[in-house]
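> Take this sequence and fold it.
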Amino acid sequence: MVLPDDPKYALRKVDEIREMVDNDLGFQQAPLTCSRTKTLLFISNDKKVIGCLIAEHIQWGYRVIEEKIPDVSSENEMLTFERQKAWCCSTTPEPAICGISRIWVFSMMRRKKIASRMLECLRNNFIYGSYLSKEEIAFSDPTPDGKLFATQYFGTSQFLVYNFLSGNSQ
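Residues are numbered from 1 along each chain as shown. All right, here's what the predicted structure looks like:
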C-alpha cells in the first residue's frame, strides 16, 4: 500500500502506474490528488505490477438501480447484455466511507481473484483498527467489466457508486 505521505519516488511510481491503468481502462486523464488516496499494488513473483486499486475517503454513495434482465438463452447472451446496457443510480445519497476510484488487473491475470484479494486487503487496512463492511464502499463510474466484478463481489447489482470528478465525494 502506498500512502500520501510515502516517499516521493513511491508516489511518482504510483502516478506512472495510474497513467497506464487509466489508459487501459479508457479513463480520461483525470487529475487525482495523491494527498487523499491510498494505492494498493499487487506485485507478481517476478516483480511486475499486475493489479492496482486506488481508494479515497468519501462520505456518500448512490445505489445502482437494478434493471430487469430480459429472458436470455445463454450465459454469453446475459454477459453481452450486462456489458452493453446503460445503468442508472439513485439520487438519494447513502453514507459511504471508501470510494474505489480505480481497480485494475492485468488482462492475462484476470479471473484469478486478484481484484477480490486487493479489495479484502483494502477493507482490512483503509482505516486503522477497523474492517470496512461492503456497504461502506462505493465504486466510481465502473467499466462494464468493473460492474460485473462489483456485482459478483458484493453479491448484488445494487452496489454503491460515486462520482470522483464531481467533487460530491466529499
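> residues touching the residue lying closest to Trp104 once chain neighbours are set aside, list them.
Once flanking residues are discounted, Trp104 sits nearest to Val21: 4.4 Å by Cβ to Cβ, 6 or more residues apart in numbering. C-beta coordinates here come from the backbone N, C-alpha and C atoms, glycine included. Shown in contact with Val21 (Cβ atoms under 8 Å, 6 or more residues apart in numbering): 27, 52, 54, 102, 104.
> what's near enough to touch Tyr62?
89-94, 138, 160-162.
> following the lowest-mean-pLDDT helix or strand in the chain, which helix or strand comes up?
Least confident helix or strand of the chain, by mean pLDDT, DSSP states H and E, is helix 75-84 with a mean of 63. Where DSSP states H and E defines the elements, the next helix or strand beyond helix 75-84 is strand 88-95.
> Give the partner strands of that next one in its sheet and their orientations.
Next to strand 88-95 in the sheet, as set by DSSP bridges, lie strand 60-65 (antiparallel).
> Is Leu40 inside a helix or a strand, and which specific one?
Using DSSP H and E, Leu40 falls in strand 37-43.
> what does Glu120 give?
Per DSSP H and E: helix 114-125 holds Glu120.
> Check Trp104 too.
Counting by DSSP H and E, Trp104 is found in strand 98-105.
> and Leu148, that one's in a helix?
Yes - according to DSSP: H, G, I helix; E, B strand; the rest coil, Leu148 belongs to a helix.
> give me the number of residues near it?
15 (other Cβ atoms under 10 Å).
> before we move on, what about Arg110?
By the criterion of other Cβ under 10 Å, Arg110 has 15 neighbours.
> Any stretches of the protein with poor pLDDT?
Residues of the chain meeting the criterion pLDDT under 70: 29-35, 67-73, 77-87, 164-170.
> where does Asn23 fall, helix, sheet strand or coil?
Secondary structure, three-state DSSP: Asn23 is helix.
> Show me which parts of stretch 54-63 are buried, residue by residue.
54-56, 58, 60-63 (16 or more other Cβ atoms under 10 Å).
> quick one: it to chain centroid distance?
Taking Cα atoms, centre = their mean, to the nearest Å, one finds the center of stretch 54-63 at 10 Å from the center of the full chain.
> Need the distance between the two termini of it.
Stretch 54-63 has an end-to-end distance of 20 Å (Cα to Cα, to the nearest Å).
> Quick check: bridge partners of the nearest residue to Leu160 once chain neighbours are set aside?
Leaving out its chain neighbours, the residue that sits closest to Leu160 by Cβ to Cβ, 6+ apart is Gly61, at 3.1 Å. Here Gly61 sits in beta bridges with Glu94, going by DSSP bridges.
> Alright, calling it a day.
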